[in-house]
Each structure stands twice: as structure tokens, then as C-alpha cells.
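Undergrad: Build me a model:
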Amino acid sequence: MSEFQNKLAVVTGGGASIRRELARQLVSEGSHVALCDVLMDNQA
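TA: Numbers count the residues shown, from 1 in each chain. Got it, this is the predicted structure:
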């Protein structure tokens, strides 16, 4: 996934389930991630 390095990804609903894992993988591959979720506790 080197094509994601130094890119910005916006993940909506990223505080839970598969979108949370996607956000983690993008970060591990060098992406900058903006995460939003309707529940503040899910964004930790």
C-alpha cells in the first residue's frame, strides 16, 4: 500500500468496526488520517 504514504485519508464513521481497522492500517502505511464519528468516545 505504498501509494497511500504521505496522503490524506478522511474516514467517516471511523471510530468502530471495519472503518476503525481501515484507519489503523492507513496510519501504519504512512497516511495522515482524519477520523470522525458521531460518538466522541469512539474517536479515542
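
Undergrad: from here on, contacts and neighbour counts on C-alpha atoms
TA: Will do.

Undergrad: burial count for the spatially closest residue to residue 15 that is not a sequence neighbour?
TA: Sequence neighbours aside, residue 42 is the residue nearest to residue 15 in space, at 4.4 Å (criterion: Cα to Cα, 6 or more residues apart in numbering). Counted with other Cα atoms under 10 Å, residues neighbouring residue 42 total 14.

Undergrad: Can you give me the buried ones in stretch 5-12?
TA: For stretch 5-12, the buried set under the neighbour-count rule, 16 or more other Cα atoms under 10 Å, comprises residue 11.

Undergrad: Not counting its own residues, what contacts it?
TA: Outside stretch 5-12, the residues that touch it by Cα atoms under 8 Å, 6 or more residues apart in numbering are 19, 23, 26, 29-37.

Undergrad: just for the chain, where's the confidence low?
TA: Within the chain, the segments meeting pLDDT under 70 span 1, 43-44.

Undergrad: Can you get me the start-to-end distance on stretch 10-30?
TA: End-to-end distance for stretch 10-30: 14 Å, by Cα to Cα, to the nearest Å.

Undergrad: now stretch 4-11
TA: Start-to-end span of stretch 4-11 (Cα to Cα) is 14 Å.

Undergrad: what's the spatially most central residue of the chain in contact with, if anything?
TA: In the chain, the C-alpha closest to the average C-alpha coordinate belongs to residue 23, at a distance of 2.3 Å (Cα atoms, centre = their mean). By Cα under 8 Å, 6+ apart, the contact set of residue 23 is 11, 14, 33, 35.

Undergrad: 10 Å instead, please
TA: 9-12, 14-16, 29, 31-35 (Cα atoms under 10 Å, 6 or more residues apart in numbering).

Undergrad: go on, residue 27?
TA: 4-9, 21, 33.

Undergrad: Which members of these are the farthest-apart pair?
TA: Farthest pair in those (Cα to Cα) is 6 and 21. Separation: 18.5 Å.
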